[in-house]
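A.B. asks: Below is the sequence, then the predicted model.
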Amino acid sequence: MVKFLPLKQAVAENLNDGDSVAFEGFTHLIPTAAAHEAIRQGFRDLTLIRMTPDLIYDQMIGMGMAKKIVFSYVGNPGVGLLRRARDAIENGFPRPIEVEEHSHAGMANAYEAGAAGLPCAVFRGYRGAGLAEVNPNIRSVTCPFTGEVLAAVPSIRPDVSFIHAQKADRKGNVLVEGIIGIQKEAVLAARRAMVTVEEVVDTFDDLHPNLTVLPRWTIAAISVVPGGSHPSYAHGYYARDNAAYLEWDEIAANREKFQAWMQANVIEKSADDFAARVEHLRKAA
Amino acid sequence: MSELGFTPNEMMTIAASRALTNDDVCFVGIGAPSAACNVARLTHAPDITLIYESGTIGTAPQVLPLSIGDGELCETAVTTVSVPEMFRYWLQGGRISIGLLGAAQLDKFGNINTTVIGDYHHPKTRLPGGGGAPEIATSSKQVYITMAQSKRGMVEKIDFFTSFGHGEGGDHRKRLGIDTAGPTLLITDLAIWKPDPVTKEFTVVSLHPGVTCQQVQDSCGWVVKFAQALDETPAPSELELQTLRDLQARTKAAHEGTGKGKAD
C-alpha cells in the first residue's frame, strides 16, 4: 500500500543498482526531481527506459549510471542532440553503453502491452525501417485471420517506474492530466511505481469522473515535490522552461562544464530546491 | 534577405503551407513543418486539424511549440489522448491525411535518415533518431517533406533508413505491403518537387522566384531531374509573410524569455 515519504527515502527504498527503470513523462511531467535524487544516491548499472531520454537521462548517462538505454528519440526536443548520450554512444564516455532503439509507436505499444500483462505488443509498424535490421527485439508475427505480417516487440516491464503528477489525495490516489503521455502505462507496467506530486489535496470528490487517476494500490510511494518536473512542466502549475532546454545544449557540449553544472545544481542541491526554479514559470491560473 | 523581400526559408515554409487544406488532418513534426501548418491555419485553412505526437488533437497554438509536447498544444486542443492511443487509434487507424516530416538526410526516393551518420553500431554522428517518423511515413495517407537544400543533406545514398519513402523506387512500397502513398511532395528552400508517377524519383516541378536550375543542382547530391514544363512558385503574399513573421516573433519572445512570455 502506498506510503507518503520524503523523496530521498522513497528513491532509496524503490531503486537498486542494476534495476531496469523508467522515469517517464512525454515532454510534460518529467520526473526530474526523482532522477536527480537517483543521481545523488549514485546508483550504477541501470537499464534506463524512456521514450525520449531528455535531459534527465543525458545527465544520468553523463554521470556513468547507465549500462543500457532503451529509447525512441534521443534528442533535445526542438533544440538538437543530447550531447552526453552522444558521447557515450560514439566514444564510450564515461562508459560504453548498450543501446536498444525503437520508434515511438514501438515503445508506446510495448508499455501498453506491459500494463496489459502481455509478453509482447503487436502493431503495424517498422515497415521498411532500418531499425528492424539493427534491433533483434523487433520481429514480426503473421495475423492468423488475415495473413498480414505485423511488427512484434517485447512488452516493457520495468523493475520500477518513476513519474511526476499534478496531485495526490490524502489516501494516495494520484491524478495526471494534460498531456498524459505514457504515465499510466509506465506505472501499471512496472513491478513497483513511485510518484512525485506538486501537492496533496483532501479528496478527489470534485474531479471529473473520466480523468486519469491511478488508484493508491497501484503505487508504492508518493513524495511531495513542488516544481519537481522542472525544466519540464506541470499543466495547471507552471510552464515548460524552454530557455533551460536551450541552455542545456551548451552545458552538455563540454565534459568539464557538464560535471561542474551537475555538482552545483544536482549533487549539492536537494528536492527542496525545485520550488524556487519554477516560481517565474507559474501562471496566474 | 534578398532583394525579393523574403528569404528562401520563408518561401519554403509558405509554399508548404499552401499545400495544406482546410480538410486535412496533419500529423505535425517540429521545425519547418510546424511553422507551415500553423501559417496554413492562420491564413487559408482555419479549420485544418493539427495533431502533434504528444497526443494533442486539433491544436491552435499562438506560438510555435519548441517541443511536440509544449503546454499550449494541450490548452488549445480539441482533445488530448495518451501516446499509445495517438499511435494506435489515430495514426495506425488510418485517420491522418498528411504526415509532415523534416529530414537530416534525404535521398531522391524520399527515404529519410535522422538516426546516424556512418555505421549504426559505430556512428560518426549519433542523431536523435526516428521518434514517431517510421510509422508516420507508412501510416499517413500521404507524406510531405520539407528541408533546406544542401549536398550534405540531399544525398545519393542515405546512411540509415529511419523512415521509408519509396525505397528503391517504382512499386517498392507495394512490394512491402505498404498501401499508403508515401512522399508525394518535397518542398525545399529552392523548389517544389513531386515524385515521377512511375519511377517515384523526386522531380522539380516548380522553382521559387529568382532560383535557377543550376542552383538547385549545385545544392543537391544527386543528378536532379526537372519537369519539362517548369512552373515558378508564386512569391509569398503580404498576408502570408506577415503571418509567418508575426508567428516567429511571438515564438522567439516566448522561448527566450525563460517561459516568461508564456506566463504573462
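C.D. replies: Yep, that arrived.
A.B. asks: On the pLDDT front, check the nearest residue to A:Y233 once chain neighbours are set aside for me.
C.D. replies: Distances taken as CB to CB, 6 or more residues apart in numbering or on different chains place A:R240 nearest to A:Y233, at 4.1 Å, with adjacent residues excluded. C-beta coordinates here come from the backbone N, C-alpha and C atoms, glycine included. Here the pLDDT value assigned to A:R240 is 92.
A.B. asks: I figured A:R240 was touching A:H230, is that so?
C.D. replies: No: applying CB atoms under 8 Å as the test, A:R240 and A:H230 come out as separate, 9.0 Å apart.
A.B. asks: what residues are shared contacts of the two?
C.D. replies: Common neighbours of A:R240 and A:H230 (criterion: CB atoms under 8 Å, 6 or more residues apart in numbering or on different chains): A:L281.
A.B. asks: Show me which of the two is the more surrounded one.
C.D. replies: Neighbour count, other CB atoms under 10 Å in any protein chain shown: between A:R240 and A:H230, A:R240 has more, with 29 against 24.
A.B. asks: Roughly how far does that one sit from B:G131?
C.D. replies: According to CB to CB, to the nearest Å, A:R240 and B:G131 sit 18 Å apart.
A.B. asks: Can you classify the residue nearest to A:Y233 as helix, strand or coil?
C.D. replies: What DSSP: H, G, I helix; E, B strand; the rest coil gives for A:R240 is coil.
A.B. asks: Just the buried positions in the longest helix along chain B, please.
C.D. replies: Counting residues, the longest helix found in chain B (DSSP state H) is helix B:238-256. Within helix B:238-256, the residues that qualify as buried are B:240-241, B:243-244, B:247-248, B:251, B:254-255, counting by 16 or more other CB atoms under 10 Å in any protein chain shown.
A.B. asks: How about residues contacting that helix?
C.D. replies: Residues outside helix B:238-256 that contact it (CB under 8 Å, 6+ apart): A:242-243, A:246, B:5-6, B:10, B:13-14, B:17, B:35, B:38-39, B:42-43, B:62-64, B:66, B:236, B:261-262.
A.B. asks: Swap in 6 Å and give it another go.
C.D. replies: Residues outside helix B:238-256 that contact it (CB atoms under 6 Å, 6 or more residues apart in numbering or on different chains) are A:242, B:6, B:10, B:13-14, B:39, B:42-43, B:63-64, B:66, B:261-262.
A.B. asks: hang on, the earlier thing: wait, which of the buried residues of helix B:238-256 is closest to chain A?
C.D. replies: Nearest to chain A among these is B:H255, at 4.5 Å by CB to the nearest CB.
A.B. asks: List the contacts of A:A253.
C.D. replies: So A:A253 contacts A:R83 (CB under 6 Å, 6+ apart).
A.B. asks: Isn't B:S67 up against A:T27?
C.D. replies: Yes: under the criterion of CB atoms under 6 Å, B:S67 makes contact with A:T27 at 4.9 Å.
A.B. asks: hang on, the earlier thing: quick check: phi and psi at the residue nearest to A:Y233.
C.D. replies: Main-chain torsions, A:R240, degrees, to the nearest 10: phi -70, psi 140.
A.B. asks: likewise B:I98?
C.D. replies: Per degrees, to the nearest 10, the backbone of B:I98 is at phi -140, psi 130.
A.B. asks: That one bridge partners, please.
C.D. replies: B:I98 has the following beta-bridge partners by DSSP bridges: B:C26, B:Q142.
A.B. asks: Quick one: neighbours of the residue of the stretch 101-250 of chain A found nearest chain B, just the number.
C.D. replies: Going by CB to the nearest CB, chain B is nearest to A:G128 of the stretch 101-250 of chain A, at 2.8 Å. A:G128 has 22 neighbours, counted by other CB under 10 Å.
A.B. asks: Please report how far B:L100 lies from chain A.
C.D. replies: Shown here: B:L100 relative to chain A, a distance of 15 Å by CB to the nearest CB, to the nearest Å.
A.B. asks: surely that residue meets B:Y144?
C.D. replies: Yes: counting by CB under 6 Å, B:Y144 is a contact partner of B:L100 at 5.2 Å.
A.B. asks: coming back round to it: my guess is the residue of the stretch 101-250 of chain A closest to chain B contacts B:S163, does it?
C.D. replies: No: counting by CB under 6 Å, A:G128 does not reach B:S163; the two are 7.9 Å apart.
A.B. asks: Flag the shaky bits of the chain, pLDDT-wise.
C.D. replies: I went with chain A, as the question did not name one. A:284-285 (pLDDT under 70).
A.B. asks: that's the wrong chain, I wanted chain B
C.D. replies: B:1-2, B:257-264.
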